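Q: Following is a predicted model, sequence given first.
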Amino acid sequence: MTEFRDILTKLGFTEQEVSKGDLQVRSPLDGREIAKVVTHTTKQTTDIIKSAYAASQEWRKIPAPKRGELIRLFGQELRQHKDILGQLITLECGKILEEGRGEVQEMIDICDFAVGLSRQLYGLTIASERPGHRMMETWHPLGVVGVISAFNFPAAVWAWNFALAIVCGNSVVWKPSEKTPLTALACQKLWEQAVLRFSQKIPAISYVILGDAKIGEILVDHPKIALISATGSTRMGKAIAPKVAGRFGKLLLELGGNNAMILTSSADIDLAMRAILFSAVGTTGQRCTTLRRLIVEQSIMSTTINQLAKLYQQVTVGHPLNSKVLIGPLIDQAAFSNMQKSIELAKKEGGHVIGGERLFEKEYPNAYYVRPALIEMPRQTEIVRHETFAPILYVMSYHSFEEAIAMHNDVPQGLSSCIFTNDLRQAEMFLSAVGSDCGIANVNIGPSGAEIGGAFGGEKETGGGRESGSDSWRNYMRRATNTINYSRELPLAQGIQFNLPGKN
Ligand code: UN1
């Protein structure tokens, strides 16, 4: 492990940049201040949006495969800095180093994907009903894309948006979480290195703006931001969605999840236990895809609870740079108190709680390490239907498979889901139209840790957006339908005759 200041130096920061600002950055590892960075004023933010817009007007003229070449160079920077950037992510947001590195790998993967995509921004050719005519679709850049990201994936979620938006010919203005500005600035520095190695001079197409929600609002309200892609709480999404819709801007929302697993009696239980552990306690329960509800067939309920209780005692909580540790700290005191509030409510609603207590308080009075909580609930009560961004797993039992699916879907959120079963009928039913209502539905793997190749996002209060793989790139472009007449006639669609009297 490199010393903190060395990490910043290796990533290209100057002393001035990290010591003179008005925004205090605290490490969740021990609560100590690690940097002070400068936030942007309203005027600076609007100036940045203007520059980003001007740059997008130039960047859109560069052929997409050439734009892909720049993302390839960025991917190289990320490969070279995977370890050091992973360390910074760990220090700033508290996830274990293995996951910090994994996050950078996710960025590298999306860069590779975007490079290939830069030669595949396909439109359709459509049969015209008129002779001597051809129809087609072309896809064009939007202009400026605004990205608002959360603390828990301080780099990868931006990268999904950024890599695609850039190959699609846009410029990007990024408002990261106030809790993780260093990671954002580090990404921007690596990007600038890639730009230096690019074969031609280009205007600045990537910007980071730092500040509180007010700075985010400038992005949300600005008519020159064609698309707002926001990741965070449902509350945040509810606040920004009407504003963007009100100005007819495009929106891509990835909000809360309340992800469940249906565990059936035919399942491979060992496999399920491993999946539950990674997805319920990994990243200290602070993934939007974290497993929060376990819906267990009644006949295996008590053995499941016993097995899980044992595993929950064995799992190592501690300093996330220690390679034996699987669970680092929560991001801050507010996250801890939300967790405790939910545990109290669950108790009131009849829950039986195992774990959930604070750890290492003496050693780290300003950091919030917890034992993950396992809560057996008599049924799916109000608190279970609410997303608490902490390692709390509610466990409930079911009798019939239909009841399990009904319970599964009876929450406001719809991000990720899974079933563990060896019964083909149940697996297929879960994936069918009458099964899971989520954007992600898996069989025999947990709900978290999705690959970048698929479209990522969910339904209902999760916001409906899809980012990352598959055809999500279309969100970053506008579609034009073109009809071309190569005949000497002018037939009208629907066979309409519209001739001046005496002429035909
Ligand atoms: C998030 O928590 O906002 O599928 C993103 C996953 C990760 C991304 C999570 N690839 O868990």
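A: Now that the structure is in, tell me what you want to look at. Numbers count the residues shown, from 1 in each chain.
Q: confidence score at residue 504?
A: As predicted, residue 504 sits at a pLDDT of 58.
Q: Please name the nearest non-neighbouring residue to residue 91.
A: residue 27 (5.2 Å; CB to CB, 6 or more residues apart in numbering). (Glycine included, C-beta is placed from N, CA and C.)
Q: right, I mislabeled it, should have said residue 108
A: Distances taken as CB to CB, 6+ apart place residue 78 nearest to residue 108, at 4.9 Å, with adjacent residues excluded.
Q: What does the pLDDT read for that neighbour?
A: 98.
Q: hang on, it in a strand?
A: No - Residue 78 sits outside any strand when classified using DSSP: H, G, I helix; E, B strand; the rest coil, being helix.
Q: Give me the most central residue, the chain.
A: Among the residues of the chain, residue 157 comes closest to the average C-alpha position under CA atoms, centre = their mean, at 4.4 Å.
Q: wait, doesn't that one sit right on residue 230?
A: No - Residue 157 is beyond contact range of residue 230, at 9.9 Å (criterion: CB atoms under 8 Å).
Q: And the residue of the stretch 101-250 of the chain closest to the ligand?
A: Taking CB to the nearest ligand atom, the ligand has its nearest neighbour within the stretch 101-250 of the chain at residue 153, 4.6 Å off.
Q: same check, this time on the stretch 351-500 of the chain
A: Using CB to the nearest ligand atom, the single residue of the stretch 351-500 of the chain nearest to the ligand is residue 450, 3.4 Å away.
Q: what kind of secondary structure is residue 147 in?
A: With three-state DSSP as the basis, the three-state label of residue 147 is strand.
Q: got the residues of the stretch 351-500 of the chain near the ligand?
A: Counting by CB under 6 Å from any ligand atom, the stretch 351-500 of the chain comes close to the ligand at 448-450.
Q: Run a quick neighbour tally on the residue lying closest to residue 289 once chain neighbours are set aside.
A: Nearest non-adjacent residue to residue 289, counting by CB to CB, 6+ apart: residue 448, 3.8 Å away. Using other CB atoms under 10 Å, residue 448 has 24 other residues around it.
Q: Equivalent analysis for residue 464, please.
A: 18.
Q: so it touches residue 255, yeah?
A: No - with contacts counted by CB under 8 Å, residue 464 stays clear of residue 255, the gap being 9.2 Å.
Q: So residue 260, which state does it fall into?
A: strand.
Q: in the sheet, who's paired with it?
A: residue 293, residue 417 (DSSP bridges).
Q: show me what contacts it?
A: 291-295, 408, 411, 417-418, 447 (CB atoms under 8 Å, 6 or more residues apart in numbering).
Q: Next, give me the two most distant ones among those.
A: Spanning the widest gap among the contacts of residue 260 are 411 and 418, at 14.6 Å by CB to CB.
Q: ok, those two, which is more surrounded?
A: Each of residue 411 and residue 418 has its neighbours counted (other CB under 10 Å); residue 418 has more, 28 against 23.
Q: Compute the number of surrounding residues for the nearest residue to that one once chain neighbours are set aside.
A: Spatial nearest neighbour of residue 418, chain neighbours left out: residue 442 (4.0 Å); criterion: CB to CB, 6+ apart. Neighbours of residue 442 under the rule other CB under 10 Å: 24.
Q: what pairs with the helix or strand hosting residue 442, and is each one parallel or antiparallel?
A: Counting by DSSP states H and E, the element that carries residue 442 is strand 440-443. Sheet pairing of strand 440-443 (DSSP bridges) gives strand 416-420 (parallel).
Q: So for the helix or strand that the strand it pairs with is followed by, what gets flagged as buried?
A: Counting by DSSP H and E, the next helix or strand C-terminal to strand 416-420 is helix 424-431. Burial within helix 424-431, assessed by neighbour count using 16 or more other CB atoms under 10 Å, is assigned to 426-427, 429-430.
Q: In TSV: these, plus pLDDT.
A: Below are these laid out as TSV (pLDDT from 0 to 100):
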residue	pLDDT
426	98
427	98
429	98
430	98
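Q: if we can go back for a sec, what sits against the residue nearest to residue 418?
A: So residue 442 contacts 416-419 (CB under 8 Å, 6+ apart).
Q: these two touch, right, residue 265 and residue 299?
A: Yes - contact criterion CB under 8 Å: residue 265 and residue 299 qualify, at 5.2 Å.
Q: Settle it for me: which of these two has more neighbours?
A: Set residue 265 next to residue 299 and count neighbours by other CB under 10 Å: residue 265 wins out with 14 against 11.
Q: Who are the contact partners of the more buried one?
A: Residue 265 neighbours (CB under 8 Å, 6+ apart): 297, 299-300.
Q: distance of it from the ligand?
A: 27 Å (CB to the nearest ligand atom, to the nearest Å).
Q: Excluding chain neighbours, give the residue nearest to that residue in space.
A: Using CB to CB, 6+ apart, the closest residue to residue 265 is residue 297 (4.6 Å).
Q: before we move on, the earlier item: pull the most distant pair out of the buried residues of helix 424-431.
A: 427 and 429 (7.3 Å).
Q: Residue 308 reaches residue 375, doesn't it?
A: No - proximity of residue 308 to residue 375 does not meet the contact threshold set by CB under 8 Å, at 10.8 Å.
Q: Find the residues that touch each one of the two.
A: 393, 395.
Q: Ends of stretch 381-392, what's the gap?
A: With CA to CA, to the nearest Å applied, stretch 381-392 spans 14 Å between its terminal residues.
Q: Pull out the buried residues from it.
A: 381, 383-384, 386-392.
Q: How about stretch 27-42?
A: 27-30, 34-35, 37-40.
Q: quick one: which helix or strand includes the nearest residue to residue 405 once chain neighbours are set aside?
A: In this structure, residue 405 finds its nearest non-sequential neighbour in residue 435, 6.0 Å apart by CB to CB, 6+ apart. According to DSSP H and E, residue 435 maps onto no helix or strand at all.
Q: Number of residues surrounding residue 435?
A: Number of residues near residue 435 (other CB under 10 Å) recorded here: 19.
Q: How about residue 10?
A: With other CB under 10 Å as criterion, residue 10 counts 16.
Q: Thought residue 85 was touching it, still the case?
A: No - counting by CB under 8 Å, residue 10 does not reach residue 85; the two are 9.5 Å apart.
Q: Which residue, other than its chain neighbours, is closest to residue 390?
A: Closest to residue 390 by CB to CB, 6+ apart is residue 339, at 3.6 Å.
Q: partners of the helix or strand hosting residue 353 in the sheet?
A: Using DSSP H and E, residue 353 sits within strand 352-355. Using DSSP bridges, the strands paired with strand 352-355 are strand 373-376 (antiparallel).
Q: ok, residue 62 - contacts?
A: Contacts of residue 62 by CB under 8 Å, 6+ apart are 169, 200, 202.
Q: Now the buried members of those.
A: 169, 202.
Q: I'd like the contacts of residue 62 laid out as JSON lines, including secondary structure and distance to the ligand.
A: As requested, these are exported to JSON lines (DSSP: H, G, I helix; E, B strand; the rest coil; distance: CB to the nearest ligand atom, whole Å):
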{"residue": "169", "secondary structure": "coil", "distance to the ligand": "25"}
{"residue": "200", "secondary structure": "coil", "distance to the ligand": "33"}
{"residue": "202", "secondary structure": "coil", "distance to the ligand": "30"}
